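Asks: With the sequence up front, the predicted model follows.
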Amino acid sequence: MKLEPFALERWQSVWENKVAWNLSESGVHPLRVEEIAVSDADRHAVLAQELGYTQTNGTAELREAIAVLYPGAGIEQVEVTNGGSEANYIALWHLVEPGDEVVMMLPNYMQIRGIVRALGGALIPWTLIEDSTRWRPDLNALDTLVTARTKLIVVCNPNNPTGARLTSPELDEVCRIAGRVGAWVISDEIYRGAELDRVETPSMWGRYERVIVTSGLSKAYGLPGLRIGWVVAPTAIIDALWGVHDYTSIAPGAVNDRLARIALSRRDQILARTRGIVAANYPLVRKWIEKRAAKISHVPPEAGAILLARYRHAINSTALVEQIRREKSVLVVPGDHFEMDGYLRIGFGNHPGHVASALELVGEVLDGIQ
């Protein structure tokens, strides 16, 4: 098994702590521990937490809190992982075998692509259509792409990097198509809860017996440093994934598990904060783009603190973001990292002043390119 370089993660890892202005993140500005553990009882519980191995698949209390988010699920259908990335990794490791076809929504977080290829799977791209009002799924195309050789369909809902989301009827149709050949569906829902209109994105869970949902606290919850993710799936799959997890990180951190339980007990307040940030900051980016409408355009995002902007300047996206980083110390993500040259992913989940100032610097570079 040979993994290809993960361009997006390496780009961010190298530069995100070295630049003055970071617009590469796809989540909102992170919370502090004191903003999660707000009561004396919660703070005492965190400080009194023993630092031994916790329950390796997540404490029963944490799995119960996660199961509540998915009607009909019980704790035996939840596996806690170290971040949503590990959730995706163990699910793919279990399911994908050499020669399996995996139909993957694009654009998307390219971790899936790298793992599928490393496992010997054949990746079949399923590309969203860019309309004037939304990035929408081409369900007729999906119906054609899915064949008896299809092992798995992968969606990201809400989507990274476009901020698009699928409707309930669209999710039902994805499941119908999967059911036609008995394929599995993995739905990465880590941005669920970060909607601009404050209406929670529908989950894939419960629509089909072969659905696997991955998620975590990194994006919509603003808690990437906790490294808490999860898989929700049929019990037999969860039992198998626990066995895979034994070969990776074994268990979530004890303090992380404790803080995750506290965070989920305050879910409504935390997601209200997130939705307030994206609703306040998106207009800053929209106005910035509108000032340059002759050269930059975008489809309004529906969820998440990200959008995908198309530019018309005659320069490769990786070369462009490197010029922006070098000249202005601002980090944005090139469309190349999503096989979408000619686009930039802009993250707007930071403080409004940070976002506005960083955008002005990016604009100075763009305005100087013919």
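Replies: That came through fine.

Asks: so residue 270, which of the three states?
Replies: helix (DSSP: H, G, I helix; E, B strand; the rest coil).

Asks: Is it in contact with residue 222, as I believe?
Replies: Yes - counting by Cβ atoms under 8 Å, residue 270 does reach residue 222; the two are 7.0 Å apart. The C-beta positions use only the backbone N, C-alpha and C, and glycine is treated the same way.

Asks: so what sits against both of these two?
Replies: Shared contacts of residue 270 and residue 222 (Cβ atoms under 8 Å, 6 or more residues apart in numbering): residue 31.

Asks: The two: which is more packed in?
Replies: residue 222 (26 against 22; other Cβ atoms under 10 Å).

Asks: Please report the distance of the more buried one from residue 196.
Replies: 16 Å (Cβ to Cβ, to the nearest Å).

Asks: just residue 69 next, same as before
Replies: 20 Å.

Asks: Check residue 210 too.
Replies: For residue 210 relative to residue 196 (Cβ to Cβ), the value is 31 Å.

Asks: what residue is smack in the middle of this protein?
Replies: residue 190 (4.7 Å; Cα atoms, centre = their mean).

Asks: which residues touch it?
Replies: Residue 190 neighbours (Cβ under 8 Å, 6+ apart): 84, 160, 214-216, 218-220, 229.

Asks: Next, give me the two most distant ones among the residues you listed.
Replies: Maximum pairwise distance among the contacts of residue 190 (Cβ to Cβ): 14.4 Å, between 160 and 229.

Asks: show me what contacts residue 180?
Replies: residue 146.

Asks: Check which residues of the one helix or strand it maps to are buried.
Replies: Using DSSP states H and E, residue 180 maps to helix 168-181. Going by neighbour count (16 or more other Cβ atoms under 10 Å), the buried part of helix 168-181 is 170-171, 173-175, 177-178.

Asks: The nearest residue to residue 58 once chain neighbours are set aside: neighbour count?
Replies: Once flanking residues are discounted, residue 58 sits nearest to residue 80: 2.6 Å by Cβ to Cβ, 6 or more residues apart in numbering. Using other Cβ under 10 Å, the number of residues around residue 80 comes to 27.

Asks: So residue 80: helix, strand or coil?
Replies: Quick answer, by three-state DSSP: residue 80 is strand.

Asks: Right, I'll leave it there.
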